[in-house]
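>>> Next comes the sequence, and after it the predicted model I'd like to discuss.
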Amino acid sequence: MTCIYVRKATLEDLDDIKKIIDAGRGFLKEQGIDQWQGEYPNREDLKRDIDNQTSYVIDVDGKVAGSATLHLGIDPDYLEMEEGAWDNGSEAHYSAIHRVSVSHEYRGQGLAAKLISGLFTVSELLGFKDVRIDTHPKNKGMQHIILASGFTQKGVIRTKAENDDRFAYQIELH
């Protein structure tokens, strides 16, 4: 039986996370999506997430199969929405899921949804019932995963790291 769970990333996971992000960057490029095509996210961003204990991985039988960051509290990118509005306002008590990526070796196994679900559990345990996420308007695969995970599209935000528009989503955990 396969053992799959979400855990905090450690520095020992950094190389695996970087490989997954780089492969994700290539996969996005193949689809004509300009998300992650610059320097962001780089190794320093990923290491900072680990150091700040906001980096998580989905572990499949002891191997890092995917990663994401769980930002706790106000995200500067979410303060202003170009179109739409957050249900609880831009300065509410929320967590935000960023940089979701799954290894190409595990693509198509539903691990991104399991990773997001695991981060819902972490968010709730830490007292965050309002969870937010965003993705590139052309990233149809991620949009499908986000909507299938229960999020509702709220509008459009502009990222500072890539200076680009993103569809913004929100879910209220019960």
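Yep, that arrived.

>>> Could I get the full set of strands for this structure?
Assigned by DSSP state E, the chain shows strands spanning 4-8, 55-60, 63-72, 81-84, 94-102, 130-135, 152-158, 165-172.

>>> Of the ones you listed, which is nearest Glu39?
strand 94-102 (13.7 Å; C-beta to C-beta). Where C-beta positions appear, they are placed from N, C-alpha and C, glycine not excepted.

>>> Indicate each strand paired with that closest one and its parallel or antiparallel sense.
Strand pairing for strand 94-102, determined by DSSP bridges: strand 63-72 (antiparallel), strand 130-135 (parallel).

>>> now the angle between strand 165-172 and that strand, please.
120 degrees (axes from the mean of the first three to the mean of the last three C-alpha atoms, to 10 degrees).

>>> So which other helices or strands are in contact with the worst-scoring helix or strand of the chain on mean pLDDT?
Using mean pLDDT, DSSP states H and E, strand 81-84 stands out as the lowest-scoring helix or strand of the chain, at a mean of 92. Contacts of strand 81-84 with other secondary structure elements, assessed using 3 or more C-beta pairs under 8 Å, 6 or more residues apart in numbering; DSSP states H and E, are made with strand 152-158, strand 165-172.

>>> Name the stretch among the ones you listed that sits most buried.
Mean neighbour count (mean count of other C-beta atoms under 10 Å) peaks for strand 165-172 among these, with a mean of 20.

>>> Quick check: Ile21 vs Val57, distance?
12 Å (C-beta to C-beta, to the nearest Å).

>>> Mind listing the shared neighbours of those two?
Counting by C-beta atoms under 8 Å, 6 or more residues apart in numbering, the shared contacts of Ile21 and Val57 are Ser67.

>>> Report the spatially closest residue to Lys160, excluding sequence-adjacent ones.
Spatial nearest neighbour of Lys160, excluding adjacent residues (C-beta to C-beta, 6 or more residues apart in numbering): Asp77 at 5.8 Å.

>>> Just the pLDDT at the one you found, thanks.
In the predicted model, Asp77 carries a pLDDT score of 94.

>>> How about the contacts made by it?
Counting by C-beta under 8 Å, 6+ apart, Asp77 touches Asp134, Ile157, Arg158, Thr159, Lys160, Ala161, Arg166.

>>> got the contact list for the spatially most central residue of the chain?
Nearest to the geometric centre of the chain sits His98, at 2.8 Å (C-alpha atoms, centre = their mean). Contacts of His98 were listed using C-beta under 8 Å, 6+ apart, and they are Ala68, Thr69, Leu70, His71, Ile133, Asp134.
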